[in-house]
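# one predicted model, sequence on top.
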Amino acid sequence: MLRAMNLVKSFHDPAGGVVHAVAGLSLAVEPGVIYGLLGPNGAGKTTTLRILATLTRPDAGEVHIGDIDALRHPVEARARMAYVPAEGGLPARLSALEAVTLFGEVQGVPKAKDRAMELLHSLGAGAYVGRECAQLSTGMKRRVVLARALMHDPGLLLLDEPTDGLDVQGRLDVLQLIQSLAAERRAVVLSSHIMGEVERVCQRACIIHRGLKIAEGSLDELRALGGAEALDDAFVALLNAEPKP
Amino acid sequence: MNTAVSPPLVKAWGLLTMSVLTRTLREGLVLRALIWPALIIALTLLISATFVAGLYASKSAAVPEVALAEVLVAKGLDARVYADPEAAFVSGEVDRAAFEDAEGWVLLARFDGAYTTIMESELRARLGAAWRPMIIPRAGRNAALGPTTRLLVGLLAVLFVLYGVVFGAGGLSRDLQDGSLDAERALPLPSWVHAAARLSAAGVALSVAFAASVGLIHTILGVNAPFAWCVVGGLSGLGGAAMGLGLMARAGRAESLSGPLSRGLVAVTGLMALGYSAPTIGRQLPVASVGALVRGDLPGVGAALTTLLLCALAAWMFDRSAR
C-alpha cells in the first residue's frame, strides 16, 4: 500500500545552519498493518508523515501509494489516504457534523451528510454532532477527526500522535478504533513516543532518531535488537547505541 | 476502498469558500468589526443631523407690517406681525426680527442660515437697496458634500483594507496553529484552491460589509460615485487579504502572526499613501486605488487586473509554503 524510499529532507535553522530532519528513510506498509513510527521528540516523525501525506516535498526520495507516484501525482495520492495532524485540525467554529460533511462533499462522497452522521455515530460521537468543535473534549475531537479522515474511505491512514493529550480511557478507545480500522484492511502509520500504545496496536515499527532509521521490524525483532524484554528498554538501548553528534 | 469521485475544482472551491466564510462570520469579534464602523458612522451622522436640525429649524420671525409678513410667509418663514418685534426677539419668542428705528431698518437674527438670508434679501428688495443676497438652489447634495463624504468613505475604505490584511494573515495563522490547514491541504485538491477559497471568503465578507456601509452613508449624506467606491473598497479589501495571506504563508510556522501582520499593514498603508500622492498611478494599483479615489480619481480597469495578479501571487506563495 505504502512504499517510501530514501527520503531526505533538510531545513535551514534560524542560526543559518542546516537541520537534517529526515536522512535517507525508507519504509513499506502493507494493508491491514499498523506501523509505528517511533522516536524521541524532534526525531523527524512529523516531517516523515508530512512527506508521506504529500504536504512537505522531500529533497530526495520516492513515495508510492499503491501504484501512484505520490510526489508526481500528489492530488491522486491524497485521494487514497487520510492524514490526521497531531493538533487534530478541526475548525473551531464549525460543528462536528459540518466539519466532517465538508470533507466528504469536497471529495465527492455521495450523500456526504448521511455518511458523516453514520461515521460519527459509529465512532461514538453521535451525541455531539451539532456542537462546535471548539467545545468538544480532546477525546471527542479525536473521534471527530477520525470520522473526518474516514469520509472518503481511504486505504491508508497517517496518524500523527493520535492519542496525544488523551486520558487513559480516551487513549484506549482511540487505540481500539485504530485496530478496528486496520482490521478493515487499511494500512495505518502512526507516530508515537509512547511505547505502551505501540506495543498494544502495532505489528511493525521503526525507530528513528535525528532523521535516521536506526531499527525496523516486528516488535519482537525490535526487542531482540535492543537486547531487552520491554520495548521501552529496547528503545532506549537502541537510541543510546547511536553515536552522539 | 475509496470509490469517491472528486467534484470539479470549482465546486470544491465554492464549498471551501463557504466553510471559511461560515467560520469567519461565526467569530463574534469579526462580525462586530464588519458591522460596527458603518453603524457608528450612521449613528453619529444622525445624531449630528438631529442636533443641527433642532438648532437651525426655527423659522420664526417678527415683523411690524402685514405686507412684509405675507412676503416672508410666502418664502417659507413663520413670520408674524408684532407691535414691538425687537421685544419679541429679546424675550426669545422669535429667532428673527425686522423693524425700523431712527437710523433705518434693522434685522436681528439668532442664527445664520438660509432663512435669515431670505429675510435679509426680502428686506433689501423692499427698500430698493443696491444689492441683496440670493440663495441659489444646490445642484445636488452630492456635489455640495462631495469632499466630506469622500473623506468619510475613504476612511472607511482604509479601515476595510486593514481588515483585509488582518483577515488574510490572521485566518491563516489560526489555521496553521490548530492544524486545520494541514488537514485541508491533505485533501485531494491542488494547493492553490485553499488559497483561493480563503481569498474569496475574505473578498465576499469585506465587499458585502463595505457596500452595506457605503449604502448606509449614501442614504444619509449622499456619496459621490457610490458604485465606484464599492468596487474600489471591495477590491482593496481583497488586495489587503492577499497581502496578509501571502506574507503569512511565506513566514509559515517559523514566525508568529505579528511579523507578517505588521509587514502587511505597513505595505498597504504605503500603497494607499502612494495612491493619494500619485493618483494617476494609484488608480491602476491594488489598494492604492483607495488613496486615488479619496483624491477624486476614479479607479481604472488596471486596479482590478493588478488586484487579481496580487491574489495570484499570494496563492503562489501559499503553494510554495507547503514545500
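The structure has been received and is ready for your questions. Numbers count the residues shown, from 1 in each chain, chains lettered A, B, ... in the order given.

# CA atoms for contacts and neighbours, from now on please.
Will do.

# where does pLDDT dip in chain A?
Under the criterion pLDDT under 70, the flagged ranges of chain A are A:242-245.

# name the residue of it that lies nearest to chain B.
Residue nearest to chain B within chain A (CA to the nearest CA): A:Gly89, separated by 3.5 Å.

# counting neighbours, what do you get for that residue?
Residues within reach of A:Gly89, counting by other CA atoms under 10 Å in any protein chain shown, total 23.

# go on, B:Gly291?
28.

# confirm the residue of chain A closest to chain B sits in a helix?
No: the assignment for A:Gly89, made by DSSP: H, G, I helix; E, B strand; the rest coil, is coil rather than a helix.

# just list whatever residues bridge to the closest residue to A:Leu219 other than its chain neighbours.
Using CA to CA, 6 or more residues apart in numbering or on different chains and skipping the chain neighbours, the partner closest in space to A:Leu219 is A:Arg204 (6.0 Å). Per DSSP bridges, the residues bridged to A:Arg204 are A:Tyr35, A:Ser218.

# wouldn't A:Arg204 be in contact with A:Val33 here?
Yes: with contact taken as CA atoms under 8 Å, A:Arg204 and A:Val33 are classed as touching, separated by 7.5 Å.

# identify the contacts common to the two.
By CA atoms under 8 Å, 6 or more residues apart in numbering or on different chains, A:Arg204 and A:Val33 have no common neighbours.

# helices along the chain, start to end?
Since you didn't name a chain, this refers to chain A. Taking DSSP state H to define them, one finds helices in chain A at A:45-52, A:74-78, A:96-106, A:112-122, A:138-149, A:168-183, A:195-201, A:219-226, A:231-241.

# correction: the question concerned chain B.
Secondary structure of chain B (DSSP H): helices located at B:9-25, B:28-56, B:66-74, B:85-90, B:114-127, B:141-177, B:180-185, B:191-220, B:226-251, B:258-277, B:279-282, B:288-294, B:301-321.

# tabulate those in CSV, adding columns for distance to A:Thr54 and mean pLDDT.
Formatted as CSV, the helices of chain B follow (distance: least, CA to CA, whole Å; pLDDT from 0 to 100):
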stretch, distance to A:Thr54, mean pLDDT
helix B:9-25, 19, 91
helix B:28-56, 33, 80
helix B:66-74, 83, 93
helix B:85-90, 86, 94
helix B:114-127, 73, 89
helix B:141-177, 16, 83
helix B:180-185, 9, 90
helix B:191-220, 11, 91
helix B:226-251, 17, 92
helix B:258-277, 26, 93
helix B:279-282, 41, 88
helix B:288-294, 38, 87
helix B:301-321, 12, 90
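
# most tightly packed of these?
Ranked by mean neighbour count, the helices of chain B are led by helix B:288-294 with a mean of 29 (mean count of other CA atoms under 10 Å in any protein chain shown).

# and of the helices of chain B, who's closest to chain A?
The nearest among these, by CA to the nearest CA, is helix B:180-185 at 3.5 Å.

# make TSV out of the helices of chain B and add distance to A:Phe235.
Listed next are those as TSV, based on distance: least, CA to CA, whole Å:
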stretch	distance to A:Phe235
helix B:9-25	43
helix B:28-56	48
helix B:66-74	102
helix B:85-90	101
helix B:114-127	92
helix B:141-177	31
helix B:180-185	30
helix B:191-220	38
helix B:226-251	36
helix B:258-277	40
helix B:279-282	63
helix B:288-294	60
helix B:301-321	34
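
# out of the ones you listed, flag the one nearest A:Ser218.
A:Ser218 sits nearest to helix B:180-185 of all the helices of chain B, at 29.8 Å, using CA to CA.

# residues from chain A in reach of chain B?
Contact residues (CA under 8 Å from any CA of the partner chain) of chain A with chain B: A:53-58, A:74-80, A:82-94, A:102-103, A:105-110, A:152-155.

# please pick the buried ones from these.
A:53-58, A:74-80, A:82-94, A:102-103, A:105-109, A:152-155 (16 or more other CA atoms under 10 Å in any protein chain shown).

# what sits against A:Val29?
A:1-3, A:35, A:187-189.

# could you measure from it over to A:Leu166?
From A:Val29 across to A:Leu166, the span is 26 Å (CA to CA, to the nearest Å).

# then B:His194?
B:His194 sits 30 Å away from A:Leu166, taking CA to CA as the criterion.

# Provide a list of residues in contact with the spatially most central residue of chain A.
The residue lying closest to the centre of chain A (CA atoms, centre = their mean) is A:Leu159, at 1.9 Å. Applying CA under 8 Å, 6+ apart to A:Leu159 gives the contacts A:49, A:83-86, A:188-191.

# am I right that B:Trp172 is in contact with B:Ala249?
Actually, residue B:172 is Leu. It isn't Trp. Yes: between B:Leu172 and B:Ala249 there is a contact under CA under 8 Å: 7.4 Å.

# got the phi and psi for A:Thr163?
Main-chain dihedrals, A:Thr163, degrees, to the nearest 10: phi -110, psi 10.

# contact partners for the residue of chain A closest to chain B?
A:145, B:175, B:178-183.

# again, only using 7 Å
B:178-181, B:183 (CA atoms under 7 Å, 6 or more residues apart in numbering or on different chains).

# could those go into a markdown table alongside distance to B:Phe160?
Output for the contacts of A:Gly89, formatted as a markdown table (distance: CA to CA, whole Å):
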| residue | distance to B:Phe160 |
| --- | --- |
| B:Asp178 | 26 |
| B:Gly179 | 28 |
| B:Ser180 | 26 |
| B:Leu181 | 25 |
| B:Ala183 | 30 |
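
# how many neighbours does A:Gln169 have?
10.

# look up how far A:Leu177 lies from it.
Distance, A:Gln169 to A:Leu177, by CA to CA: 12 Å.

# start and end of stretch A:73-82, how far apart?
Distance across stretch A:73-82, first residue to last, is 15 Å (CA to CA).

# to the chain's geometric centre, what's the distance from that stretch?
15 Å (CA atoms, centre = their mean, to the nearest Å).

# could I get stretch A:16-25 in CSV with only the CA atoms?
C-alpha atoms of stretch A:16-25 as CSV (Å, rounded to 0.1, in the frame of the first residue of the first chain):
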residue,chain,number,x,y,z
GLY,A,16,21.9,29.7,9.4
GLY,A,17,22.7,26.0,9.9
VAL,A,18,21.1,23.0,8.3
VAL,A,19,18.9,20.5,10.2
HIS,A,20,18.6,17.1,8.6
ALA,A,21,15.0,16.3,9.6
VAL,A,22,14.9,13.1,7.5
ALA,A,23,18.0,11.5,6.3
GLY,A,24,17.5,8.6,3.9
LEU,A,25,14.5,6.9,5.4
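
# ok, A:Asp59 - how many residues close by?
Count around A:Asp59 with other CA under 10 Å applied: 14.

# quick one, what contacts it?
A:Asp59 sits next to A:8-9 when contact means CA under 7 Å, 6+ apart.

# for the residue nearest to the spatial centre of chain B, which non-adjacent residue is spatially closest?
Chain B has B:Val153 as the residue nearest its centroid, 2.4 Å off, counting by CA atoms, centre = their mean. Taking CA to CA, 6+ apart, and ignoring the residues beside it in sequence, B:Val153 has B:Val214 as its nearest neighbour in space, at 6.8 Å.

# swap in A:Gly126?
Using CA to CA, 6+ apart and skipping residues adjacent in sequence, the residue nearest A:Gly126 is A:Leu120, 5.2 Å away.

# not counting sequence-adjacent ones, nearest residue to A:Val22?
Once flanking residues are discounted, A:Val22 sits nearest to A:Gly211: 3.8 Å by CA to CA, 6+ apart.

# likewise A:Leu52?
Closest to A:Leu52 by CA to CA, 6+ apart is A:Val63, at 6.6 Å.

# check contacts around that neighbour.
Per CA under 7 Å, 6+ apart, neighbours of A:Val63: A:3-5, A:52, A:69-71.
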